[in-house]
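Participant: generate a structure from the sequence data that follows.
(2 chains)
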Protein chains: 2
Amino acid sequence: MNYCNQCGAKVELRIPEGDTHMRHVCLQCGEIHYLNPKLVIGCVAEWNGSILLCRRAIEPRHGFWTLPAGFMENGESTLEAALRETREEACARVAIDGLFALINIPHISQVHLFYRGRLVGGGHSAGVESLDTSLFGEEAIPWDDLAFRSVALCLKSYFSDRRNGTFGFHEADLLPP
Amino acid sequence: MNYCNQCGAKVELRIPEGDTHMRHVCLQCGEIHYLNPKLVIGCVAEWNGSILLCRRAIEPRHGFWTLPAGFMENGESTLEAALRETREEACARVAIDGLFALINIPHISQVHLFYRGRLVGGGHSAGVESLDTSLFGEEAIPWDDLAFRSVALCLKSYFSDRRNGTFGFHEADLLPP
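Facilitator: Have a look, this model is predicted:
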């Protein structure tokens, strides 16, 4: 960040009075610009025992497989974000059963939240950000071609819980690789 | 947002190619500025059956009581944010037992996350953002003087779960009042 998005003047890094963190502060209008972690919301959608995955048409990780997920937008709830991402990336409708996992990735200032649910009607197809969508049974998951570590972690917890017959809520931190 | 924080030129609201939402786009360098919901992280800390509350020394809701909570910072985990806020606002240490509640407030683009835990040693005092700190039993909670609806919702769920002898995970949406 170089300029104030309010008045267009230069910003400088300093610790505002009463604060404990360095912030981008505008030297002209005094605005303090806070940077905060972003929420990425996704969904484990099941159909006849298989899980819906999307192959990414965009960077990062173009061509790799992922759960439908993306940045939460202003003005929506976490549940609405999960439904929207599943609709946008996989043209699919899902009935949500509950929140399943919260995964912190502090070094990139992201928090990933995954819901679990069931595909409605079984239909799916690639949205504009996907090259392809497909349903994978546990034995067919392309583990070596998953886009993100949070997706792998979420899927492993999901299959483990499913084998045990009960779904919990999972919290984990991912450190730099 | 009026100016690009990268190059200082004017921004304009438009829907970028392949996007579905209006964004602030820089007319000079092309940077797309995304606005995303912020996470507020807090903690229900118990000591001998009472709950730690802070009386706010800052706006909004100056003088009202709240659970220790605040905006999550870049580079930390949700758990670390809960510990930090409890330390900063109430000079207290807490042993976290689990994530307790996720409360969406879409009209202000916030997601509130509350952990639950136990005060360590029982010590607490007002940090710079608090006028006072105190431990309240369920019957003494200042319900009419709580700062935020999410805090009231969280406390009600907490006491209800405690009476039932088991703590669950609670998800709720708050609509405009």
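Participant: just the strands in chain A please.
Facilitator: For chain A, the strands defined by DSSP state E occupy A:11-14, A:23-26, A:32-33, A:38-47, A:50-56, A:65-66, A:69-71, A:94-105, A:110-119, A:130-136, A:170-173.
Participant: can you tell which of those strands is closest to chain B?
Facilitator: strand A:94-105 (3.8 Å; C-beta to the nearest C-beta). C-beta here means a position set from N, CA and C on the backbone, and glycine is covered the same way.
Participant: got the contact list for that closest one?
Facilitator: Residues from elsewhere that reach strand A:94-105 (C-beta atoms under 8 Å, 6 or more residues apart in numbering or on different chains): A:43-45, A:78-79, A:82-83, A:86, A:111-120, A:150, A:153-154, A:157-158, A:167, A:169-174, B:77-79, B:99, B:102, B:169, B:171.
Participant: leaving out chain neighbours, which residue sits closest to the residue of chain A positioned farthest from its centre?
Facilitator: Ranking residues of chain A by C-alpha distance from their mean position (C-alpha atoms, centre = their mean) puts residue A:28 at the top, at 36.4 Å. Nearest residue to residue A:28 in three dimensions, chain neighbours excluded: residue A:9, at 3.4 Å (C-beta to C-beta, 6 or more residues apart in numbering or on different chains).
Participant: mind listing what the one you found touches?
Facilitator: A:3, A:26, A:27, A:28, A:29.
Participant: residue A:137 too?
Facilitator: Taking C-beta under 8 Å, 6+ apart, one finds A:49, A:50, A:51 in contact with residue A:137.
Participant: between these, which has the most around it?
Facilitator: Within the contacts of residue A:137, neighbour counts (other C-beta atoms under 10 Å in any protein chain shown) peak at residue A:51, which reaches 22 neighbours.
Participant: skipping adjacent residues, who's closest to that residue in space?
Facilitator: Residue A:51 sits nearest to residue A:136 (C-beta to C-beta, 6+ apart), 5.6 Å away.
Participant: burial check on residue A:93, number of neighbours?
Facilitator: 17.
Participant: can I assume it is in contact with residue A:68?
Facilitator: No - in terms of C-beta atoms under 8 Å, residue A:93 does not count as a neighbour of residue A:68; the distance is 11.3 Å.
Participant: which residues are common contacts for the two?
Facilitator: With C-beta under 8 Å, 6+ apart as the test, residue A:93 and residue A:68 both reach residue A:86.
Participant: check chain A and tell me which residue is nearest its centre.
Facilitator: Note: chain A centre (C-alpha atoms, centre = their mean) maps to residue A:40, 2.8 Å.
Participant: right, and that one touches residue A:70 too?
Facilitator: Yes - Residue A:40 lies in contact with residue A:70 (C-beta under 8 Å); the separation is 6.5 Å.
Participant: quick check: bridge partners of residue A:47?
Facilitator: Beta-bridge partners for residue A:47, by DSSP bridges, are residue A:50.
Participant: residues contacting it?
Facilitator: Contacts of residue A:47 (C-beta under 8 Å, 6+ apart): A:118, A:119, A:122, A:135.
Participant: let's see that with 6 Å instead.
Facilitator: A:119, A:122, A:135 (C-beta atoms under 6 Å, 6 or more residues apart in numbering or on different chains).
Participant: if the first one is in a bridge, with which residues?
Facilitator: Right, the one you point to is residue A:119. residue A:94.
Participant: and it, what's its pLDDT?
Facilitator: Note on residue A:119: pLDDT of 98.
Participant: can you tell me how far it sits from residue A:48?
Facilitator: 9 Å (C-beta to C-beta, to the nearest Å).
Participant: the more surrounded of the two?
Facilitator: Ranked by neighbour count (other C-beta under 10 Å), residue A:119 and residue A:48 place residue A:119 first, with 22 against 9.
Participant: the more buried one touches residue A:45, doesn't it?
Facilitator: Yes - using C-beta atoms under 6 Å, residue A:119 is in contact with residue A:45, at 4.7 Å.
Participant: interface residues of chain A facing chain B?
Facilitator: Chain A comes close to chain B at residues A:1, A:3, A:5, A:8, A:18, A:35-38, A:71-72, A:74-78, A:99, A:104, A:106, A:109, A:128, A:169, A:171, A:173, as judged by C-beta under 6 Å from any C-beta of the partner chain.
Participant: now, of these, which are buried?
Facilitator: For the residues of chain A next to chain B, a burial check counting by 16 or more other C-beta atoms under 10 Å in any protein chain shown picks out A:3, A:5, A:8, A:37-38, A:72, A:76-78, A:99, A:104, A:106, A:109, A:169.
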